[in-house]
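Peer 1: Everything below, folded, please.
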Amino acid sequence: MAAQPPALFLIGDPKQAIYGFRGGDVHTYLAARASAEAAPALAHNFRSRPAVLHAIDTLYAQAGVAAFVDPRIVFHGVEPGGKRSDADFQRAGTAAPALTLWQAPAPSPDPKTGKLKPYSAEDSRALATRACVAAIHAVLSEGKAGSATLRDGDTPRGVRAGDIAVLVRSHAEASRIQQALAAVGVPAVAAGKQSLFATAEARELHTLLLALLHGADDGRLRAALSTVLIGVDAAGIDGLERDAEAHHRWQQQAVAWRERLRRGGPLALVGALCAERSEALLGLVDGERRVSNFLQLAELLQEAQARALGLHGLVDWLGRRIADADPDDETQLLRLESDARRVQIVTLHKSKGLEYPLVFLPFIGIGGKAPSPGRHCAVHDDDTHGRRLHWKSGLAEAHWDTAEATWKDEQRAEDARLLYVGLTRAEHALWIATGMFSGHDTAALAPCCATPPHSPPILRSASIPTRRRPPCHACPRIRRGGAAAARGDPHARARLVGVQLHPAGQCRQRA
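Peer 2: Here you go, the predicted model:
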């Protein structure tokens, strides 16, 4: 190598260019690639089971040239690297499907026209959420029973919550999934960086310290009592207006808390409150997370007390940290070792570069309203090979209509690349919700699932119910429908392929 002339080597994958909103410009890479000497492709995948690679190949073969919108970006299949085998993930004693396409029930026909109208955006997300949670609950139940296993080294073990990732577009979708999982008792955490000082627990401790600082302020006392840490409900707060004795007891308790703070510091006070309220706190869905946050904050407050000027200084210090919460500051990050044992809910952008054993994509088949660039947009200019800023005006030379159309195409292209990132995070299996969702025909997934591929990997049910039914559990096998079912063996082709289309309302499995 020492005798070789200097050279610049660039390794990139334009299919994963998903940061246009941060100024990332895939056109720059494509232009550089066009003028550079081509290097051998990285043709082997060491992350995923062979069946997962086959499933993804099938989806993109179905999509064809429409897969990435920009014809310069194409999908290239890869070969298994030998690290994984299809037997690494098993359900009911056989290799589990690599891809499950859950199909929502058809919406009710319009009573006037008889035509089917796609679900609303809210109903689409509600259906996809319930189906996703049911599928996760099912595989975890099987994992607990020992019938859904992953190979960990040389030893199979039951599937655990920490093996699962749900990939979403937004924090609102993450909250929806997290709450739905919590409702059925599945532990989950919205992964990603979050400052400890941006949490509700930080605000609650600040409220408590303010009440102790301003002992004569009855409003601040009531605010402190209403926090989760103290736990007085609305009826109890309201009752203080009529129960002078109870009001006096809480005032005396506040005095005792302040004395405990003065003698032992914030850690002693918060530790005692968490111990007193441990049953109620840990009984909450996210109770372990809350207690961990309270104690971590108490430790930081204990350290700050050595530099702060009394209680007033401590209140000011915490108030400033809340106002300046920074998720990029490692000293402010949340800690909880058991997060690794929970279902991970991650945005698609944050998932790039990561991998998870089982990946669920509940909302990827839901489209949205076409975005608008507003009054200006910057788009790629083929003449200058750079980006040009266009303003919306009545001037013909502004070329606004062309610029707007180009900008929308670039948004669609980035959505298509985001889909690719989500699909390629899985080590062992993918789960995707499909159906007549809002904007389903404009979603990035649409070209991949528009019609049944002419390939044996995907099995589609012969009948789809037209009556609206609640989503059922997405079982690991197709229960009814299709030629295999007619032969009396509905599992045969699913076992051979590892790719499954599951129609809602057809499954006989119960939760």
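
Peer 1: now the strands for the stretch 201-350 of the chain?
Peer 2: For the stretch 201-350 of the chain, the strands defined by DSSP state E, counting those that start in this stretch cover 343-347.

Peer 1: err, the stretch 351-500 of the chain, not the other one
Peer 2: 356-361, 376-381, 386-391, 426-434, 499-503.

Peer 1: ok, and for stretch 253-271, which residues are buried?
Peer 2: By neighbour count with 16 or more other C-beta atoms under 10 Å, stretch 253-271 contains the buried residues 254, 257-258, 260-261, 265-267, 269-271. (Each C-beta comes from the backbone N, C-alpha and C, glycine too.)

Peer 1: still on that earlier bit, would you mind giving the strands of the stretch 351-500 of the chain as JSON lines with mean neighbour count added?
Peer 2: As requested, the strands of the stretch 351-500 of the chain are exported to JSON lines (neighbours: other C-beta atoms under 10 Å):
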{"stretch": "strand 356-361", "mean neighbour count": "24"}
{"stretch": "strand 376-381", "mean neighbour count": "18"}
{"stretch": "strand 386-391", "mean neighbour count": "14"}
{"stretch": "strand 426-434", "mean neighbour count": "25"}
{"stretch": "strand 499-503", "mean neighbour count": "26"}
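
Peer 1: Out of the ones you listed, which gets nearest to residue 71?
Peer 2: Proximity to residue 71 (C-beta to C-beta) singles out strand 376-381 among the strands of the stretch 351-500 of the chain, at 14.0 Å.

Peer 1: I'd like the average pLDDT over stretch 54-73.
Peer 2: The pLDDT scores in stretch 54-73 average 85.

Peer 1: How about stretch 448-455?
Peer 2: Stretch 448-455 comes out at a mean pLDDT of 62.

Peer 1: And for stretch 213-223?
Peer 2: Here the average pLDDT along stretch 213-223 is 93.

Peer 1: Same question for stretch 139-151.
Peer 2: Computed over stretch 139-151, the average pLDDT equals 95.

Peer 1: do the same with stretch 77-96
Peer 2: Mean per-residue pLDDT for stretch 77-96: 89.

Peer 1: For the stretch 301-450 of the chain, just list every one of the helices.
Peer 2: Along the stretch 301-450 of the chain, counting by DSSP state H, counting those that start in this stretch, helices occupy 310-323, 348-351, 400-423, 446-449.

Peer 1: Please identify the deepest-packed of those.
Peer 2: Neighbour counts (mean count of other C-beta atoms under 10 Å) averaged over each of the helices of the stretch 301-450 of the chain peak at helix 446-449, with a mean of 22.

Peer 1: just the CA coordinates of that one, formatted as CSV?
Peer 2: Output of helix 446-449 as CSV, limited to C-alpha atoms (Å, rounded to 0.1, in the frame of the first residue of the first chain):
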residue,chain,number,x,y,z
ALA,A,446,-47.2,0.5,-1.6
PRO,A,447,-44.9,-0.6,-4.6
CYS,A,448,-43.7,-3.5,-2.5
CYS,A,449,-47.2,-4.8,-1.7
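
Peer 1: Can you give the contact residues for it?
Peer 2: 59-60, 62-64, 66-67, 101, 365, 367, 419, 434, 440 (C-beta atoms under 8 Å, 6 or more residues apart in numbering).

Peer 1: Closest to residue 376 out of these?
Peer 2: The nearest member of those to residue 376, counting by C-beta to C-beta, is residue 367 at 24.9 Å.

Peer 1: Determine the number of other residues adjacent to the closest one.
Peer 2: Using other C-beta atoms under 10 Å, residue 367 has 20 other residues around it.

Peer 1: From what I see, it and residue 436 are in contact.
Peer 2: No - using C-beta atoms under 8 Å, residue 367 is not in contact with residue 436; the gap is 11.2 Å.

Peer 1: Can you verify my assumption that residue 277 contacts residue 232?
Peer 2: No - checked against C-beta under 8 Å, the pair residue 277 and residue 232 is beyond contact range at 11.0 Å.

Peer 1: Compare the helices of the stretch 301-450 of the chain and give me the one nearest residue 50.
Peer 2: Checking these against residue 50 by C-beta to C-beta gives helix 400-423 as the closest, at 15.3 Å.

Peer 1: quick one, that closest one and strand 376-381 angle?
Peer 2: Helix 400-423 and strand 376-381 are oriented at 80 degrees to each other (axes from the mean of the first three to the mean of the last three C-alpha atoms, to 10 degrees).

Peer 1: Packing partners of helix 400-423?
Peer 2: Helices and strands touching helix 400-423, as assessed by 3 or more C-beta pairs under 8 Å, 6 or more residues apart in numbering; DSSP states H and E, comprise helix 348-351, strand 356-361, strand 376-381, strand 386-391.

Peer 1: need the ones you listed in CSV with mean pLDDT, can you?
Peer 2: CSV is the format used below for the helices and strands packed on helix 400-423 (pLDDT from 0 to 100):
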stretch, mean pLDDT
helix 348-351, 87
strand 356-361, 96
strand 376-381, 79
strand 386-391, 79
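
Peer 1: Reformat those as CSV; add distance to residue 415.
Peer 2: Formatted as CSV, these follow (distance: least, C-beta to C-beta, whole Å):
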stretch, distance to residue 415
helix 348-351, 10
strand 356-361, 13
strand 376-381, 16
strand 386-391, 19
